[in-house]
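Novice: structure of the sequence below:
(one chain, ligands or ions: 1)
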Amino acid sequence: MRKALALPTVALAAAAFPLLAVSTASAHEGPHSYQADLAALNASGVAGTGMVTLDGNTATVMIEATGLLAGSPHAQHFHIGAQGACPTDADDENGDGFVSVTEGAPYYGAIGSSLTTTGDTGPDSGLAIDRFPTAEGGSISYERTFEVSDEVHQAFEVGTAVLVLHGVDKDGSGAYDGDVMSDLDPSLPMEATAPAACGVLETAQMGAAPAGGAETGAGSTAGTENQAAIGVGALAAAGAVAAGTVAYRRRQADQA
Ligand SMILES: [Cu+2]
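Specialist: Now for the predicted structure:
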């Protein structure tokens, strides 16, 4: 009797498995495109778009952004492993006048890829400021193809990959300066490392439908969707963020 009972279960599993296999295979088949609409942080005035095509772990990244501090380098990363969301200027928890990287991390996570112009693109290059784009005339036009880690690839698939551009001239002095020092490196001004723009990398809408159109209702943006998601899982994210922040600081210490 046991065998007889077991048979239907086996049959069901066998019937279900091909379907799972097919859907998994199709999810990984061919290149996938993602888009981030960059929203300003720290009142930077930065606007722009990030486009990423992933073919396996090969990423082709295009970033067009304006409103950046002219003539200065801007660190830019894929952040991963948190909520797949962006903070707002209201998330200045310590009241120093900046949304810092630390304060943004509960939303967008730790560095997954460093979007450098040459050489290494891993998290260790997160503050390799001499290999990030300089905003000539306040604009960045970036394109590079490189290999991402499995963790980054997975973050794209589950919607937790976030594009973040750093460096904001908040006091309008024309340089990275000021009395508030960076939460990442106390020898640097906060202006040099604070996030200037953030956008969640979402599956690109092929065809004419505008991003956030049909599915989420008119007027919805990535930002407001993210606000709704913030309440759930914030505590769980906090632990991961603390670990990421420590790792980030450790890497920074290694570079010093
Ligand atoms: Cu970053």
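Novice: the stretch 151-256 of the chain: helices as residue ranges?
Specialist: 190-193, 222-230, 234-255 (DSSP state H, counting those that start in this stretch).
Novice: between those, which gets the lowest average pLDDT?
Specialist: Ranked by mean pLDDT, those end with helix 222-230 in last place, scoring a mean of 34.
Novice: so Ala105 belongs to a helix, correct?
Specialist: Yes: checked against DSSP: H, G, I helix; E, B strand; the rest coil, Ala105 lies within a helix.
Novice: chain neighbours aside, what residue packs nearest to Met190?
Specialist: Val180 (4.2 Å; CB to CB, 6 or more residues apart in numbering). (Glycine included, C-beta is placed from N, CA and C.)
Novice: repeat that for Asp92.
Specialist: Asp92 sits nearest to Val99 (CB to CB, 6+ apart), 5.3 Å away.
Novice: name the element Ser113 belongs to?
Specialist: Using DSSP states H and E, Ser113 maps to strand 110-114.
Novice: strands paired with that strand, and their directions?
Specialist: Sheet pairing here is set by DSSP bridges, and for strand 110-114 it gives strand 76-80 (antiparallel).
Novice: show me what from the stretch 151-256 of the chain comes close to the ion.
Specialist: The stretch 151-256 of the chain comes close to the ion at residues Val164, as judged by CB under 5 Å from the ion.
Novice: what stretches of this structure score poorly on pLDDT?
Specialist: 1-29, 206-256 (pLDDT under 70).
Novice: ok and the residue in it nearest the ion?
Specialist: His77 (3.4 Å; CB to the ion).
Novice: hang on, the earlier thing: give the contact list for the residue nearest to Asp92.
Specialist: Residues counted as contacts of Val99 (CB atoms under 8 Å, 6 or more residues apart in numbering) are Leu41, Asn42, Pro87, Thr88, Asp89, Asp91, Asp92, Ala194, Pro195.
Novice: one more: Ala192?
Specialist: Ile129, His166, Gly167, Tyr176, Ser182.
Novice: swap in 7 Å and give it another go.
Specialist: Gly167, Tyr176, Ser182 (CB atoms under 7 Å, 6 or more residues apart in numbering).
Novice: let's have those in CSV, adding neighbour count.
Specialist: Output for the contacts of Ala192, formatted as CSV (neighbours: other CB atoms under 10 Å):
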residue, neighbour count
Gly167, 26
Tyr176, 21
Ser182, 22
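Novice: bridging residues for the residue of the chain closest to the ion?
Specialist: Ser114, Val164.
Novice: can you give me the strands in the stretch 1-150 of the chain?
Specialist: 32-40, 47-55, 58-66, 76-80, 110-114, 140-147 (DSSP state E, counting those that start in this stretch).
Novice: among these, which is the most enclosed?
Specialist: strand 76-80 (a mean of 28; mean count of other CB atoms under 10 Å).
Novice: name the residues that touch that one?
Specialist: 63, 108-115, 126, 132, 151-152, 155, 160-166.
Novice: 6 Å instead?
Specialist: The contact list for strand 76-80, computed with CB atoms under 6 Å, 6 or more residues apart in numbering, reads 108-109, 111-115, 152, 155, 160-162, 164-165.
Novice: got the angle for it vs strand 58-66?
Specialist: Here the directions of strand 76-80 and strand 58-66 differ by 120 degrees (axes from the mean of the first three to the mean of the last three CA atoms, to 10 degrees).
Novice: mind putting the strands of the stretch 1-150 of the chain into CSV with distance to Gly122?
Specialist: Compiled in CSV, the strands of the stretch 1-150 of the chain are given as follows (distance: least, CB to CB, whole Å):
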stretch, distance to Gly122
strand 32-40, 20
strand 47-55, 17
strand 58-66, 13
strand 76-80, 10
strand 110-114, 6
strand 140-147, 10
